[in-house]
Structures are given as C-alpha cells and as structure tokens.
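S.K.: this one's structure only:
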C-alpha cells in the first residue's frame, strides 16, 4: 500500500484526488491549511495533516516527526494553490514560493518521495494562436496572460531545474464536475433562460472532467515516466456555443443569447477588481479573468498524454455536464 500526500486536499480537485487514491487502495494523507472546510474529507481512512506551506522550518519539523513512524511518502501530489488573490504578488508567493518550500523541506528532512507530481494548469502556457486556431501543444512557446498562469510557469521552471526528486507536471485545461463553482455561474444563468457570451460563440475550448483528471493523476504516480510535463483534456475540442447547448440540454431550458460587448465587460472587470481591493476581498471577475474569457483559442492537444499513460477519458463534455447538473440539482445549487 503506497503512502500518498495530497496537498489542497479539501478543495474541488483535491477532494476527488483523495477519493480516487482511497479507491485504488492507497494510504492517504490529506494536507490542508488550519481551519479548512473538511466536509468532503469524512472518510475514516483519511489521515489529515495541517500544513503551513509558508513556513519551511515548520514543514521540516512535521516531516521529522512523521519519519519516526514511516520512512517517507511514496508520492506527493501537490495540488494546493490559489486562483484568486487581492495582491497580484500573492499568486507567485503561494503558487511558486510555497511550493518550493514544500519540496525543499521534504529534501532537507530526508523525507523525499519517489515522485513529486505538480498540478499545474494550461494557463502556464497561455492561449493558443487566435489566427490559425491550432491546438496548444507541449512544444509551443510559453505565453501566460494572467498572474495565475505566470505563477504556475515559475514553479514549473523551478521544478524542472531541481535534481533531487523525480517529478511530473500535469497541465489540465478547464476542469469541471461536482463541487466546482465557476461552471455553476453559467448553469445558473442558463437556468434563468440567459445564455451569456463575452467572447465569440465560436471560441475554442478544451475540458477535462474531474474524475478523469484524478484517475490519470493517481495512475501517473505508478508510471515509470518522470521529469516531463503533460497536457490533460478529454481529447476533444468544443466551441463556447456547444458548451451552452449542452448545459441547456441538461437543464432542459430555453434561453435568450446575450452577447456582451467586450469594452463594457472590460470596464466591469476593472470596477469589480478595484471595488474588491478597496474592501480587501478577492474578485471573482477581474482583468485576468476577462483576458481568459476573451481569448479565442483554449483548445489543446493531449494525445501524447493518452499514449504515455494509456489514458482513455471516460467522460466527454455531454456526459460530464449531465452528471454535474444532477449533482448541482441534488445539492440545491440551482
């Protein structure tokens, strides 16, 4: 039975990683911050670890204590991070520097795992070519357009430059499924008969259902592959229009399409971000989010991932949206 540490274990992707690791018979250590909501970590088999990733010395001490009971974690899946911040510098602090603290503390305590898997993001590469509409590929140039994306690229570059621990970098495209909140906003709009568009309805998108992503991640722990990065999607490309149509079908709703002028949306993004900063809160809709939503090409080519790990996604967008919609309904989210 392998010992797996999963950071950010109480979040959307993290909680599904924990469930999949337990399902596959692993001993799971759920790394969370103090005061975290543990509603999705109720299984008695889960061993919860309170981790302060900002403090390398405290982490080192934690590993020294655990080393009295077992040799090391077999695998570390580093999923913790932030997607929103009041101060843009916090993205790099949390997603990059705190990640370095985690890895370096494990090495310093002689507690390093067999493999360290970083949950990165397609945002680290940035959108694809808007003229050719060619899918994003691993060999493409990095061109992140958001603070979040740049922070993920920074930790990727650090990880690929270190020589102490074998690693894998996974760059999932848009991840959706039960418990996810960003997609819920679209579903709520369509549930009220509104079909909103900020970019073109022909905007190209890639998706991966959360259960496929976590299955691949746990599978990748045991592979002989290391020191490489991979793109993760369901292997298909969709338009923004197709996403809305599938959501409408799952909700059984008619809608009125509402195409919002970019200059108005950009202004709203500026105001929302400024207002949030004045009130010392994070803003769900800001300039970085505007950049993401108005980029025409977020399609990616994940064939190499499917071949390397013998990974066949079980969910296309229609199947995933149907299951997600049912969860939203059953949990009174709509």
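M.R.: Cool, the structure landed. Predicted, not measured: the structure shown is a model, and the values here were computed from it. Numbers count the residues shown, from 1 in each chain.
S.K.: for the rest of this, base every contact and every neighbour count on C-alpha atoms.
M.R.: Fine.
S.K.: mind listing the helices for this protein?
M.R.: With helices called from DSSP state H, the chain shows them at 12-23, 56-66, 89-92, 98-108, 147-161, 182-191, 210-221, 240-251, 262-278, 287-294, 303-309, 317-330.
S.K.: out of those helices, which comes closest to residue 199?
M.R.: Using C-alpha to C-alpha as the measure, helix 287-294 is the one of the helices of the chain that comes nearest residue 199, at 4.6 Å.
S.K.: run through who's touching that closest one.
M.R.: Here helix 287-294 makes contact (C-alpha atoms under 8 Å, 6 or more residues apart in numbering) with 127, 145-147, 198-200, 262, 265-266, 269-270, 273.
S.K.: closest one of those residues to residue 29?
M.R.: The closest of the contacts of helix 287-294, once distances to residue 29 are taken by C-alpha to C-alpha, is residue 147, at 29.8 Å.
S.K.: pull the number of nearby residues for the closest one.
M.R.: Residue 147 has 20 neighbours, counted by other C-alpha atoms under 10 Å.
S.K.: and if you look at residue 30?
M.R.: 23.
S.K.: before we move on, what about residue 83?
M.R.: Residue 83 has 12 nearby residues by other C-alpha under 10 Å.
S.K.: adjust the sequence numbering to begin at 17 for everything that follows.
M.R.: Renumbered: residue one is now 17, and that last one reads residue 99.
S.K.: excluding its backbone neighbours, what's nearest it?
M.R.: residue 164 (6.3 Å; C-alpha to C-alpha, 6 or more residues apart in numbering).
S.K.: one step back: the helices of the chain into TSV, with extra columns for mean pLDDT and distance to residue 147?
M.R.: Formatted as TSV, those follow (pLDDT from 0 to 100; distance: least, C-alpha to C-alpha, whole Å):
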stretch	mean pLDDT	distance to residue 147
helix 28-39	98	33
helix 72-82	96	45
helix 105-108	95	30
helix 114-124	98	35
helix 163-177	97	22
helix 198-207	91	27
helix 226-237	97	29
helix 256-267	95	17
helix 278-294	78	19
helix 303-310	89	14
helix 319-325	96	22
helix 333-346	96	25
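S.K.: and residue 133, which of these is closest to it?
M.R.: helix 226-237 (7.6 Å).
S.K.: what angle do that closest one and helix 28-39 make?
M.R.: If you take axes from the mean of the first three to the mean of the last three C-alpha atoms, to 10 degrees, helix 226-237 sits at 60 degrees to helix 28-39.
S.K.: got a list of contacts for helix 226-237?
M.R.: By C-alpha under 8 Å, 6+ apart, helix 226-237 touches 29, 32-33, 36-37, 91, 131, 133, 188, 191-193, 248-250, 325, 327, 329-331.
S.K.: repeat that for 6 Å
M.R.: Contact with helix 226-237 is made by 33, 191, 192, 193, 329, as judged by C-alpha atoms under 6 Å, 6 or more residues apart in numbering.
S.K.: can you pull the contacts of the second one?
M.R.: Residues in contact with residue 191 (C-alpha under 6 Å, 6+ apart) are 223, 224, 225, 226.
S.K.: which one among the residues you listed gets closest to residue 120?
M.R.: When the contacts of residue 191 are ranked by distance to residue 120 (C-alpha to C-alpha), residue 226 comes first, at 28.8 Å.
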